[in-house]
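Enquirer: any chance you could fold what I've pasted below:
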Amino acid sequence: MISRLQSLKLIPVVALEAAADAEPLAGALCEAGLPCAEITLRTEAGLDSIRALSNRNDFLLGAGSVHSVEQAQASVEAGAQFIVTPGFNPRTVAWCVENNVPIFPGIATPTDLELALEHGLNVVKFYPAEAFGGVRTLKAFSGPYGEVSFIPTGGINARNLVDYLQLPNVLACGGSWMVNPKLLREGRWSEVTRLTAEAVKSVSFQ
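Expert: Sure, this is the predicted structure:
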């Protein structure tokens, strides 16, 4: 799981309003060379969208915006291969660790990182990245937390993506600019493919 995410370098963070859009979305991402998505539970279609993609062997599928053990369990039952949370919820993290479910909890402070290490985690989500200092903060974390790798998310875009990926402690980045909800609502899958392909090209040399 970790090596696959590291090789992809970018995780599309998706909020789908209709589960029927899940397959076209996956097709557009795969065509662009990025067979991966974090389907968030921010919409009622989140779990159904995960179910719709659960049988695709060519697609790395995660559930995001998970706030509880119950949501984590429902996501795994729907077919999610990894869990992403916006903050550090000890109960949710413990359930995932106990059940061998990869989880990337959101952290923003050294205290959060201490909790992650206490739970045996060395890959975490840094969120919201830009609001909490972005690249400068990750550089500062690299000293006392050199064993931790980060997936920065929040404010990542085509302009700053490479800046993050050049940091040795960044495993991959989460971003939504190539899967903007407006594009998904309007079914502009070719535009999703174009933006994603541009992103894939920009990270291919990192």
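
Enquirer: how many residues are close by the residue nearest to residue 140 when sequence neighbours are not counted?
Expert: Leaving aside its chain neighbours, residue 140 sits nearest to residue 133 (7.7 Å; criterion: C-beta to C-beta, 6 or more residues apart in numbering). In short, each C-beta sits where N, CA and C put it, glycine included. Neighbour count of residue 133, defined by other C-beta atoms under 10 Å: 14.

Enquirer: any idea which element residue 63 lies in?
Expert: strand 60-64 (DSSP states H and E).

Enquirer: parallel or antiparallel, list what pairs with that strand.
Expert: Note on strand 60-64: by DSSP bridges, its sheet partners are strand 36-40 (parallel), strand 82-85 (parallel).

Enquirer: save those strands as CSV, and put in mean neighbour count, distance to residue 12 and mean pLDDT too.
Expert: Formatted as CSV, the strands paired with strand 60-64 follow (neighbours: other C-beta atoms under 10 Å; distance: least, C-beta to C-beta, whole Å; pLDDT from 0 to 100):
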stretch, mean neighbour count, distance to residue 12, mean pLDDT
strand 36-40, 26, 5, 98
strand 82-85, 25, 12, 98
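
Enquirer: next one: phi and psi at the residue nearest to residue 140?
Expert: When read as degrees, to the nearest 10, the backbone of residue 133 gives phi 100, psi -10.

Enquirer: with residue 146 instead?
Expert: phi -70, psi -20.
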